[in-house]
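Participant: Generate a structure from the sequence data that follows.
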Amino acid sequence: MAKASAGLVMYRVRGAHLEVLLVHPGGPLWAKKDLGAWSIPKGEVSLEDDELSTAKREFEEETGLCPQGEFLPLGKITQKSGKTVRAWAFAGDCDPAALRSNTFSMEWPPHSGKKQEFPEIDRAAFFSLAEAKEKINPAQIGLLEELARRLSIRPRG
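Facilitator: The predicted structure is shown next:
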């Protein structure tokens, strides 16, 4: 059975231009990947939580920020792996360099028997809609397009 995730898109409008906060996965497997590797902050939906509660919790765990405000539903997409992602957007602002993520443990280097801790998210940044579409997991582009449509903002260029 495919997994289900839920996430949040923090956005801000500068002038008439939409910018969205994306996060880059941490750990050695993602260290040299950029285009198509970024994501919205999201996580797996547990049986105990509803999707919006999961999205809020995961955003806080991955960024250190408590999301607040009105949450605009963006719908659901299916990633190449079969995982579904339901997302909401909210207006906000932050200093991406100041964000702090939770960590995970994995054996590294492989077959070494050594466990190391890595941040779940190693960096975050605000991107214009056009930049975000290049950086984000391609399946999640539809969420960004829905946000722009809902806010009636046309992309630059």
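Participant: So what touches the top strand by length along the chain?
Facilitator: Ranked by residue count and defined by DSSP state E, the top strand of the chain is strand 4-14. For strand 4-14, the external contacting residues (CB atoms under 8 Å, 6 or more residues apart in numbering) are 18-21, 39-45, 51-52, 54-56, 58-59, 65, 67, 71, 74, 83-94, 126, 143-144, 147, 151, 153. Glycine gets a C-beta too; all of them are placed from N, C-alpha and C.
Participant: ok, then the element right after it?
Facilitator: strand 17-25 (DSSP states H and E).
Participant: Tell me which residues of that following strand come out buried.
Facilitator: Residues 18, 19, 20, 21, 22, 23, 24, 25 are the ones in strand 17-25 that count as buried (16 or more other CB atoms under 10 Å).
Participant: And for stretch 111-131?
Facilitator: 118, 119, 120, 121, 124, 125, 126, 127, 128, 129, 131.
Participant: Between all of those residues, which two are separated the most?
Facilitator: 118 and 129 (29.6 Å; CB to CB).
Participant: about what we covered before: which one of the buried residues of stretch 111-131 is nearest residue 99?
Facilitator: Using CB to CB, the buried residues of stretch 111-131 come closest to residue 99 at residue 124, 4.9 Å.
Participant: so what's the closest one up against?
Facilitator: Contacts of residue 124 by CB under 8 Å, 6+ apart are 21, 22, 23, 24, 63, 96, 99.
Participant: Ok, residue 150 next?
Facilitator: With CB under 8 Å, 6+ apart, residue 150 has these contacts: 72, 74, 89.
Participant: Now with 7 Å, please.
Facilitator: For residue 150, the contact set (CB atoms under 7 Å, 6 or more residues apart in numbering) comprises residue 72.
Participant: sec struct for it, please.
Facilitator: Of the three states, residue 150 takes helix under DSSP: H, G, I helix; E, B strand; the rest coil.
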